[in-house]
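S.K.: Take this sequence and fold it.
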Amino acid sequence: MHHIYHTHGLILSSRNIGEANKMLTIYTREMGLVRASAQGIRLHKSKLRFSLQDFSYANIDLVRGRDIWRVTSAANISTFPYARSSRPSILLIARISALIERLCDGEEANEDIFDDFIQALYLLDDTNISLSSREALELHLVLRIMNTLGYIGESTMLEQYLSSSFDETKITSLLKERQSIVAHINRALNESHL
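M.R.: Below you'll find the model as predicted:
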């Protein structure tokens, strides 16, 4: 008898396998980055296919197989419909998802990154989010991810952004410091060799 792991996670990406299966990359709060097989998910009768779309947030039950994780059930928490219908928002989500896949490979939990990403998704799902808010949110989120993973060094200028989550009061200062923040992020990415 296999142990069933109950978790909630965000589907970062997926790829088709065979005629009806998918391999999902799921970022979870408790287990970190997990790659799991979803059997028969592409069949019309599959109950999982609506809960496990790319960039969906769901409660997921996983079983550890001999070689890979397998999804046994899932229940949708949010598909972020407004963010999904906005091209700039969905592109931002795709960029952050790719960054997390690139930097967080392996089953190592990181609650701060998970919580920041989920908060950002709910902010992006607001119909009234402005272009400047979206741009500032991405800068803040990438900076916090890089810092949490240890790639950003000590910086007095960045301290106000690293010590707390995103809020509307930071938009103007984030955008004013954009060039310097991007330079810190790019330097950190180059030094990570990832």
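S.K.: which residues in the chain form strands?
M.R.: 4-17, 21-28, 32-38, 57-64, 69-78 (DSSP state E).
S.K.: For those strands, could you give me TSV that also reports mean pLDDT and distance to residue 122?
M.R.: Heads up, the C-betas are built off the backbone N, CA and C, glycines and all. Below are the strands of the chain laid out as TSV (pLDDT from 0 to 100; distance: least, Cβ to Cβ, whole Å):
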stretch	mean pLDDT	distance to residue 122
strand 4-17	94	12
strand 21-28	95	15
strand 32-38	94	21
strand 57-64	95	9
strand 69-78	94	8
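S.K.: Format those strands as a markdown table; extra columns: distance to residue 154 and mean neighbour count.
M.R.: Output for those, formatted as a markdown table (distance: least, Cβ to Cβ, whole Å; neighbours: other Cβ atoms under 10 Å):
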| stretch | distance to residue 154 | mean neighbour count |
| --- | --- | --- |
| strand 4-17 | 30 | 17 |
| strand 21-28 | 28 | 21 |
| strand 32-38 | 26 | 21 |
| strand 57-64 | 34 | 19 |
| strand 69-78 | 36 | 17 |
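S.K.: what's the closest of those strands to residue 94?
M.R.: Checking the strands of the chain against residue 94 by Cβ to Cβ gives strand 4-17 as the closest, at 8.6 Å.
S.K.: so what's residue 115 closest to, chain neighbours aside?
M.R.: Leaving aside its sequence neighbours, residue 115 sits nearest to residue 29 (Cβ to Cβ, 6 or more residues apart in numbering; 7.4 Å).
S.K.: what about the one you found, neighbour count?
M.R.: A count of nearby residues for residue 29, using other Cβ atoms under 10 Å, gives 18.
S.K.: and the gap between it and residue 20?
M.R.: 29 Å (Cβ to Cβ, to the nearest Å).
S.K.: just residue 72 next, same as before
M.R.: Residue 72 is 16 Å from residue 20, by Cβ to Cβ.
S.K.: How about residue 111?
M.R.: 34 Å.
S.K.: what's the domain layout of this protein?
M.R.: Here the domain parsing of the chain from automatic domain parsing is 4-78, 81-192.
S.K.: Can you flag the weakest of those by average pLDDT?
M.R.: Per-stretch mean pLDDT for those is lowest at domain 81-192 (a mean of 89).
S.K.: What is the end-to-end distance of it?
M.R.: 34 Å (Cα to Cα, to the nearest Å).
S.K.: list the contacts for the residue nearest to residue 115?
M.R.: Counting by Cβ atoms under 8 Å, 6 or more residues apart in numbering, residue 29 makes contact with 7-9, 109, 111, 114-115.
S.K.: Is it correct that residue 42 is in contact with residue 48?
M.R.: No: counting by Cβ atoms under 8 Å, residue 42 sits too far from residue 48 to count as a contact (9.7 Å).
S.K.: out of these two, which sits in the more crowded spot?
M.R.: Set side by side, residue 42 and residue 48 show unequal neighbour counts under other Cβ under 10 Å, the larger going to residue 48 at 22 against 17.
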